[in-house]
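Student: 3D model of this:
(2 chains)
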Amino acid sequence: MRIKLRLHGQIKAAIGSREIELEVREGARLRDLPTLLASRYGQEIATLLGGEEPFRSLRVLINGRDHFTLKGVETRFAEGDVVSLVPPIVGG
Amino acid sequence: MYTGGYTGQVLWIDLTNKQATIEPTVPELARLFLGGAGFGVKTLYDRVLPGTDPLSPQNTLVFAPGPLTGTSSPCSSRITVTARSPLTGAVGMSTSGGHFPAELKFAGFDAIVIHGQATEPTYLVIRNGKAAFRSAKGLWGTGTTDCQAFIKEDLGDQNFRVACIGPAGEHLSRIACVINERRAMGRKGIGAVMGAKRLKAIAIRGEAGLAVAHPDRFEAARRELLQRFKTSPSLYPEMSKYGTSTVVDVACELGIFPTKNYTATGLFAPMEEIGYEAQAKDIIRQNPCYNCPVACSQVRMARSGDFTGALTEGPEFESSWSLGGATGVTDVSALYWADRLCDEYGLDTMSTGATIAFAMELAERGVLSPEETDGIELRFGDHRSMIRMIHRIAHRQGFGAVLADGTMAAARQIGRGSGSYALHVKGLELPGYDVRGAKAHGLNYATAYVGADHNRGYAAQEIFGSAIPVAVDRFTVDGKAELCKWNQVMKTALCDCPTFCAFLLSDGVAFLRPVEQGLSDAHSEGRVVNLAELISAATGMEYSPRELIDVGERVNTLGRCFNLREGFSRQDDYLPDRLTEEPIPGGLSKGHLTSRRDQDVLLARYYEVYGYDHRGVPTEERLHHLGLKEVAEDLNALGVEVR
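Tutor: Residues are numbered from 1 along each chain as shown, chains lettered A, B, ... in the order given. Next comes the predicted model:
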């Protein structure tokens, strides 16, 4: 199945695109994303996603909802999901 | 009496009689209200009688920094200005930073309280504990940059710090602001209050230092705070580099960047056109507030576009929204120029952009004809018509006179059902977050004592995904009343009164001690231990964490009571119908709205957690608990029964 990734900040710069589509296997979870991206774009991406502690300093939205309000890194993807990777930002 | 933090003096200005009087800072005021917004709201409540015309000599202007302002505490050169708002009729309280706030403390004052009306344009000169009145006849009509430069020239001292109004305030625009340097005490029409008093400017020069009561304790608490700044993944890595422009991207991504007067949220999300990357290339320098290591304020200059060379400090996120997203304008050079024009004219960028966007929608719907708008064809995305309308608003020329008092007044004047498209709470135009997709943030718009002001209870949990004090789903209403109260009380207690920059609270990592997630009193008190210590060490007045938090609740509740006294009621605590009836049309918040039923549920719980009855009136028990017993008597005497 396919999911859509929306990228910001350093990750966008590293991948070179605002939006990419990714083929993932049935049952894939958020925790699988660093490996998936690293296999396609290189290990640097996994490092940008937090390395040993994935998503620790990164905001992850799945269809606009913060992943920790779902099942965190155990959240399973569904066909057509939109996953946003946003740097930690404050202000307003 | 005061051993630190406070100067111990308040400057009272009677413009009618050109009298300046110095009074001691009342210890009970300091103890219960701390400073900043606390001083402002309490003074307003005590001095401004119910029904006072905001533009009359009887309205009172209170400029108040806090006890941390002027100390070595970082990010504390903040000031509040409070008056009865001519835009809303409610409490009008705005905040600003820069160097002006600290300078007031160095000049020897904890606050300036101004009443009366000068017979001719006047400016006030405050220098080292003394005040003098000077004619501003030759300054009347000047823009804010020139006004500040001329005053420094006239006084022969470039080290004066000046706050002033521009032509908009002189013309009594109810969306006029006060500008210090290039910063704005922006919202609620405070510039018109100064204009009505014929007070063009306040120039301050101070050369005294400011002591803290317990230097060793203060230094330890300050160091802990600065260490925490370094742990934040956003404060130095993002905020220092890009300022608030990155919030455009966040709001667009969440699908809550309200565009085209809230008609196209998510459908039209101009992140690429006016987001942080589009603006980053134009940054030419930083301009930090006094003693701020972050320096989020950026100066930008347009390198291309219709207004190449336009230079502005900012635009901050809200200005990028109001003059960009709300109006549909995507030429960043026009955005910079509009921002600069508003600053020069002394117009609130937020209300100005929102009011023009309102008129654009009316024009597109055929409610307004080009003949009515001075031949200007108002259309979303047309930056030239926006710029032309800003000039007209500032000088009350033609159709600009209709828009110069904000959306609520304009809708009343235009009629023809236009009120349905005027998006405000209590008369204050909605900010740049479409709260149909952020329920605690929306409840704050609805209930804040100044009207729809995002900064009185910013829900960083929903906008930035902060897990402090708890992680939430932004779309649900569960627990949002409790969270809204937490955000409002903490904001007032920790930022608006001591005073601290609001951005620190939205970055809880940098500001608050890490404790387990939770909204209980114990959790909250644990988070503010270091800040209570910092304030106690500065002032020598020992504040427990609980007492500090109570300051916030006291000020918020007194602000509400001021409004109740002016006739506001539960009906004024609702969002506009568009947010209640029309779902967000596109993006990642598509389909969401805040129904009337949701609002009823939220309000009922909100009143309950604040200790208010179902009408939104504080109970007698709650007022007594907060040390506001006399307020119950006032309200009862006015027929607002306190139960």
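Student: so for the helix ranked longest in chain B, mean pLDDT?
Tutor: Criterion DSSP state H: the longest helix present in chain B is helix B:545-565. Per-residue pLDDT over helix B:545-565 has a mean of 98.
Student: got the buried residues for that helix?
Tutor: Residues B:545, B:547-565 are the ones in helix B:545-565 that count as buried (16 or more other Cβ atoms under 10 Å in any protein chain shown). (Each C-beta comes from the backbone N, C-alpha and C, glycine too.)
Student: next up, the contacts around residue 33.
Tutor: Because you didn't say which chain, this covers chain A. Residues in contact with residue A:33 (Cβ atoms under 8 Å, 6 or more residues apart in numbering or on different chains) are A:49, A:54, A:83.
Student: wait, chain B
Tutor: Applying Cβ under 8 Å, 6+ apart, we find residue B:33 in contact with B:39, B:41-42, B:497, B:551, B:554-555.
Student: now render those residues as TSV, adding distance to residue B:294.
Tutor: Output for these, formatted as TSV (distance: Cβ to Cβ, whole Å):
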residue	distance to residue B:294
B:39	26
B:41	28
B:42	30
B:497	21
B:551	25
B:554	29
B:555	26
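Student: closest to residue B:50 out of these?
Tutor: Proximity of these to residue B:50 was ranked by Cβ to Cβ; the top entry is residue B:41 with 15.1 Å.
Student: number of nearby residues for that closest one?
Tutor: The burial count assigned to residue B:41 is 31, neighbours taken as other Cβ atoms under 10 Å in any protein chain shown.
Student: on contacts alone, who are the packing partners of the helix or strand harbouring it?
Tutor: Assigned by DSSP states H and E, residue B:41 falls within helix B:37-47. Where contact means 3 or more Cβ pairs under 8 Å, 6 or more residues apart in numbering or on different chains; DSSP states H and E, helix B:37-47 is packed against helix B:27-33, strand B:61-65, strand B:79-84, strand B:91-96, strand B:111-115, helix B:545-565.
Student: so which of these gets nearest residue B:364?
Tutor: Smallest distance to residue B:364 across those (Cβ to Cβ): 31.3 Å, for strand B:91-96.
Student: dump the next helix or strand after that closest one to CSV, restricted to CA.
Tutor: Next in sequence after strand B:91-96, counting helices and strands by DSSP H and E, comes helix B:100-106. In CSV, the C-alpha atoms belonging to helix B:100-106 read as follows (Å, rounded to 0.1, in the frame of the first residue of the first chain):
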residue,chain,number,x,y,z
PHE,B,100,11.4,50.5,26.4
PRO,B,101,10.2,48.2,29.2
ALA,B,102,13.6,47.9,30.9
GLU,B,103,14.2,51.6,30.4
LEU,B,104,11.1,52.5,32.5
LYS,B,105,12.5,50.5,35.4
PHE,B,106,15.9,52.2,35.0
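Student: tell me the residues of chain A that contact chain B?
Tutor: Selection of chain A residues close to chain B by Cβ under 8 Å from any Cβ of the partner chain yields A:6, A:8, A:18, A:57, A:59, A:61, A:63-66, A:68-69, A:82, A:84, A:86-92.
Student: if we go to 7 Å?
Tutor: Taking Cβ under 7 Å from any Cβ of the partner chain as the criterion, chain A approaches chain B at residues A:6, A:8, A:57, A:59, A:63-66, A:68-69, A:82, A:84, A:86-92.
Student: just the buried residues of the residues you listed.
Tutor: Taking 16+ other Cβ under 10 Å as the criterion, what is buried in the residues of chain A next to chain B is A:6, A:8, A:59, A:64-66, A:68-69, A:82, A:84, A:86-92.
Student: can you tell me the residue of chain A closest to chain B?
Tutor: Going by Cβ to the nearest Cβ, chain B is nearest to residue A:64 of chain A, at 3.1 Å.
Student: please state the offset of the biggest helix by length in chain A from the chain centre?
Tutor: In chain A, with assignment by DSSP H, the single longest helix is helix A:33-41. Centre-to-centre, helix A:33-41 and its host chain are 10 Å apart (Cα atoms, centre = their mean, to the nearest Å).
Student: quick one: contacts of the following helix or strand past that helix?
Tutor: Note on helix A:33-41: by DSSP H and E, the next helix or strand toward the C-terminus is helix A:43-48. Helix A:43-48 is contacted from outside by A:10-11, A:14-15, A:34, A:37-38, using Cβ atoms under 7 Å, 6 or more residues apart in numbering or on different chains.
Student: change it to 6 Å
Tutor: For helix A:43-48, contacts defined as Cβ atoms under 6 Å, 6 or more residues apart in numbering or on different chains pick out A:10-11, A:14, A:34, A:37-38.
Student: ok, of those, which come out buried?
Tutor: By 16+ other Cβ under 10 Å, those give A:11, A:14, A:34, A:37-38 as buried.
Student: so can I have JSON lines of these showing pLDDT?
Tutor: Output for the buried ones among the contacts of helix A:43-48, formatted as JSON lines (pLDDT from 0 to 100):
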{"residue": "A:11", "pLDDT": "94"}
{"residue": "A:14", "pLDDT": "94"}
{"residue": "A:34", "pLDDT": "96"}
{"residue": "A:37", "pLDDT": "95"}
{"residue": "A:38", "pLDDT": "94"}
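Student: how about the strands in the stretch 251-400 of chain B?
Tutor: Along the stretch 251-400 of chain B, the stretches classed as strands by DSSP state E, counting those that start in this stretch are B:283-286, B:298-301, B:311-313.
Student: show me which of the contacts of residue A:33 is closest to residue B:75.
Tutor: Residue B:75 lies nearest to residue A:49 out of the contacts of residue A:33, by Cβ to Cβ, at 30.7 Å.
Student: ends of stretch B:267-279, what's the gap?
Tutor: End-to-end distance of stretch B:267-279 (Cα to Cα, to the nearest Å): 22 Å.
Student: tell me which residues in it are buried?
Tutor: So stretch B:267-279, judged by 16+ other Cβ under 10 Å, has buried residues B:268-271, B:273-279.
Student: for the residue of chain A closest to chain B, give me phi and psi.
Tutor: Main-chain torsions, residue A:64, degrees, to the nearest 10: phi 90, psi 0.
Student: name the nearest residue to it, sequence neighbours excluded.
Tutor: Closest residue in space to residue A:64, ignoring its immediate chain neighbours: residue B:588 at 3.1 Å, by Cβ to Cβ, 6 or more residues apart in numbering or on different chains.
Student: quick one: secondary structure of that neighbour?
Tutor: At residue B:588 the chain is in helix, as set by DSSP: H, G, I helix; E, B strand; the rest coil.
Student: how near is it to residue B:398?
Tutor: 41 Å (Cβ to Cβ, to the nearest Å).
Student: from residue B:643, how far out is the residue lying closest to residue B:629 once chain neighbours are set aside?
Tutor: Nearest non-adjacent residue to residue B:629, counting by Cβ to Cβ, 6+ apart: residue B:623, 6.2 Å away. According to Cβ to Cβ, residue B:623 stands 11 Å off from residue B:643.
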